[in-house]
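Asks: this one's structure only:
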């Protein structure tokens, strides 16, 4: 695990009424014939176990093997759900049984190989055997008694893993000896003596599993090799390919011996439990499943191939046991089919006879297989003629005697797999038209649309039902029934514009949200738009950080557990310190004053810190946490010397809000901007001192006084103006909010580790802070220890989670899955470090402390979010048709101004280009306009600015609650500065509104006037 590897948090919303079974398609099957258990691995990351209730050890079929399994009197044995486990967070691509069927090994696209022991006394979740650096496609076991398995994937590696926990035994770099960049593994088989692999290069490679050396390679396929089998003696290999063929290879001869062409589509899966592979099953992309049976006394291409069944989709995996076989497809259901006796007599019409395309090997009739052949008698079972598949060019095949032999020879020269009967070009008719039992799956999510508010998601499941979900509450909100997703989305979408804060996907059939440090704290919403069960008094225009909000309550049980542990640690620390003081020495031995520390290390000081000259000054030691700046604008530190500091007065919420971050309380950054007028309550409390204190009332008296207040009334008035010239509205974001708390108070500038090492003894320097969640707890404990050493008798907890007025209470379902994952930059994959659920996080605190990142601890325990640059939107404010004064005028326009005064006020030279936080609401802009165009009023019942002023963009009236980001995205819909116009609606007389001496010219529009003014503003900058 790399120190700098990025870690992320994912949570999976639980599906309502989720029963046992897969939600998406099934990729892997494995059967335990002794215990009659079927295992399945799906694209939902789930591994299921099913009780088959079948006797798989003997041939139990006594009646007609081709009897209709759908007959009324037929009662197939039931398959029952046994258990399941969410083994992976991505598709399960393959599974295999090992160690006498006691261990189930799975390979997944989450780049892990895991082992699950469902029959163990203490059943544990699947344990990770190892990781690849890309999708793991196949896993293979060499035999029931082996203690290792092999896995291969898209990282061009084959790895051998010890099943007893010893890790990786061997790694083979596929294609390395050929100096090729290719080598992905799509097919893999193993015995105790050889490994065989195949992939997109159409090459079959054979390896020695003891040394990792390549034994040989086979070239012959023309497309991707999808599956491979090895005979028990290791001398015969069978491969299936996307080139529609099955090839049989000989290790002794070192070449391809037979090419089988019973399929007309890409062959995806092979299965055989015959020691010599003479009875095997194959399936293809069209859904056809074939059974091929070759008698012992004939060549491999002279056998019989029968179409057993036809699935609705491509068969990913076929497996057989006893008298049945099972198929896995893209459906969440698994079908069971009754097997077919391939050596039974073929039902031939009188006009048909057996024939070979090769004259040299022609026989008068098809040879009867020994022992298992059923005599041709009336009523005996027979294979339907249309279910017969041509196994190869040379395989015997029935034709009509009415056809000319020469014509048959010509037609047989075409692709052999194209024909069942040349006389009857009809489609293949499988022996089994329907499965005798279907293991029903569940409905999983397959598509989603994230709405504009980025808090709600529309999903579509495999049954066609559309559902609306809440990402914060982690629950479904409403079902829209079976409709088109594209039709529902416009009905419920909004015009909000919220920053990207989470990635959403439905790749495992459930709704998964991914939170990463670099963007999960970017989105905010206004608290007055919430629908809460409890009544909470919020500040005016208070914003809530979505990422911090949801994390606070996903990990609420963990926070409670850490608070308990913190209390126990502080009490034990105080008790141990009091015991030590009871046994304190009665006297102190003063060392010799004649130290020669500069020349004699033996008599020098024992501290590892560098000796410092005092110069007559004795400065106190720094304490971690006390150097963090106050959240609200405070009185600046005294100025040294005669240097004069000019500090402008601040607005109520101006101080720390528009800097990157000036406070460790996260709401300080999230709650306001230049347009805000409401003070930040309780912001002067540092988290390390009293993070749980309730905020004070939002009153003017609670704010610190600005040092600029003694200035003249005119200067004070201009300083308090939200966009006064003294704030220089054309400067960039980093300069925005120049009167905020001093720069040294930014949390990003506080390095607690270096602070400790510079100001403490060598013991402090020797303390190692882990780079994980526990590292934050270590810092707390180091501070406690230092406080106790300084004589403190009472220790205040440093854990200060956010309060309900900052993050209102959420109650996510207790079975919501929580994942801690780590990015693997070398492969682009993601590795799972931890998996739990909301209800169990308190019990798993030890594991989380080791695996979770530091930034999560800062958010949960200290209410800190990473400092980030505030995204702003530039805009231009102009009066509509010059009916109101310009905001950029110097002073107010007289009631009856001369014409030149109006030109000078609302002309092109006015600087009306502004910028502000993208979350700024339109009503704050109107409040700013009202402040600039008319004097303040002291009337209590005066209308609010949004009640008598209106804001327009692109000719559209803007709602007072619409943000700048929404205006740009949904109304302005373009680049450059957003052009806004303000006008009065007549509900209130604007006292200093200018008189329009010249009516606007016919055909002039607000847009053309705005364009001219904005261009003028830009030209004067």
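Replies: Here it is on my side, so go on. Since we're looking at a predicted model, the values are computed, not measured. Numbering: from 1, shown residues only.
Asks: Need the pLDDT of residue 362.
Replies: Looking at residue 362, its pLDDT reads 38.
Asks: An error on my part: the question was meant for residue 302.
Replies: Reading off the model, residue 302 has pLDDT 82.
Asks: dump the residue contacts of it.
Replies: 294, 391-392, 394-396 (C-beta atoms under 8 Å, 6 or more residues apart in numbering). C-beta coordinates here come from the backbone N, C-alpha and C atoms, glycine included.
Asks: can we see that at 6 Å?
Replies: For residue 302, the contact set (C-beta atoms under 6 Å, 6 or more residues apart in numbering) comprises residue 395.
Asks: Could you do the one 5 residues further on as well?
Replies: For residue 307, the contacting residues are 290, 387, 389, 428, 430, by C-beta under 6 Å, 6+ apart.
Asks: Return the item of those having minimum pLDDT.
Replies: Out of these, that is residue 428, at 80.
Asks: Skipping adjacent residues, who's closest to that one in space?
Replies: residue 307 (5.0 Å; C-beta to C-beta, 6 or more residues apart in numbering).
Asks: Kindly confirm my reading that that neighbour forms part of a strand.
Replies: Yes: under DSSP: H, G, I helix; E, B strand; the rest coil, residue 307 sits within a strand.
Asks: Can you name the residues bridging to it?
Replies: Residue 307 has the following beta-bridge partners by DSSP bridges: residue 290.
Asks: Excluding chain neighbours, give the residue nearest to residue 961 in space.
Replies: Residue 961 sits nearest to residue 921 (C-beta to C-beta, 6+ apart), 5.7 Å away.
Asks: ends of stretch 139-146, how far apart?
Replies: End-to-end span of stretch 139-146 (C-alpha to C-alpha, to the nearest Å): 14 Å.
Asks: Could you list the buried residues of that stretch?
Replies: 139-142, 146 (16 or more other C-beta atoms under 10 Å).
Asks: out of the contacts of residue 307, which are inside strands?
Replies: Under the assignment DSSP state E, these contribute 290, 389 to strands.
Asks: Domain ranges for this protein, per the record?
Replies: 19-361, 549-577+770-862, 872-888+911-984 (the TED database).
Asks: Redo those domains as a markdown table? Include distance to residue 526.
Replies: As requested, the domains of the chain are exported to a markdown table (distance: least, C-beta to C-beta, whole Å):
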| stretch | distance to residue 526 |
| --- | --- |
| domain 19-361 | 34 |
| domain 549-577+770-862 | 12 |
| domain 872-888+911-984 | 8 |
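Asks: For residue 459, find the nearest of these.
Replies: domain 19-361 (12.0 Å; C-beta to C-beta).
Asks: before we move on, back to that, the buried residues of stretch 139-146 in helices, which ones?
Replies: Assigned to helices by DSSP state H, none of those qualify.
Asks: Closest one to residue 846 out of the residues you listed, please.
Replies: Out of the buried residues of stretch 139-146, the member with the shortest distance to residue 846 (by C-beta to C-beta) is residue 139, at 30.8 Å.
Asks: my guess is the closest one meets residue 108, correct?
Replies: No: using C-beta atoms under 6 Å, residue 139 is not in contact with residue 108; the gap is 9.5 Å.
Asks: quick one: the strands in the stretch 1-150 of the chain?
Replies: All strands of the stretch 1-150 of the chain, identified by DSSP state E, counting those that start in this stretch, fall at 7-13, 26-32, 37-42, 46-51, 80-86, 92-98, 103-108, 112-116, 127-131, 136-140, 148-153.
Asks: Go through the ones you listed and name the closest to residue 553.
Replies: Going by C-beta to C-beta, the one of the strands of the stretch 1-150 of the chain nearest residue 553 is strand 7-13, 10.8 Å.
Asks: what pairs with the closest one, and is each one parallel or antiparallel?
Replies: Applying DSSP bridges to the sheet, strand 7-13 is found paired with strand 511-516 (antiparallel), strand 817-824 (antiparallel).
Asks: picking up where we left off before, need the strands of the stretch 1-150 of the chain in CSV with mean pLDDT, can you?
Replies: Conversion of the strands of the stretch 1-150 of the chain to CSV gives the following (pLDDT from 0 to 100):
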stretch, mean pLDDT
strand 7-13, 94
strand 26-32, 95
strand 37-42, 95
strand 46-51, 94
strand 80-86, 91
strand 92-98, 95
strand 103-108, 95
strand 112-116, 93
strand 127-131, 91
strand 136-140, 96
strand 148-153, 95
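Asks: can you list the ones you listed in JSON lines and add distance to residue 200?
Replies: Converted to JSON lines, the strands of the stretch 1-150 of the chain look like this (distance: least, C-beta to C-beta, whole Å):
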{"stretch": "strand 7-13", "distance to residue 200": "31"}
{"stretch": "strand 26-32", "distance to residue 200": "18"}
{"stretch": "strand 37-42", "distance to residue 200": "23"}
{"stretch": "strand 46-51", "distance to residue 200": "27"}
{"stretch": "strand 80-86", "distance to residue 200": "31"}
{"stretch": "strand 92-98", "distance to residue 200": "15"}
{"stretch": "strand 103-108", "distance to residue 200": "17"}
{"stretch": "strand 112-116", "distance to residue 200": "21"}
{"stretch": "strand 127-131", "distance to residue 200": "22"}
{"stretch": "strand 136-140", "distance to residue 200": "11"}
{"stretch": "strand 148-153", "distance to residue 200": "13"}
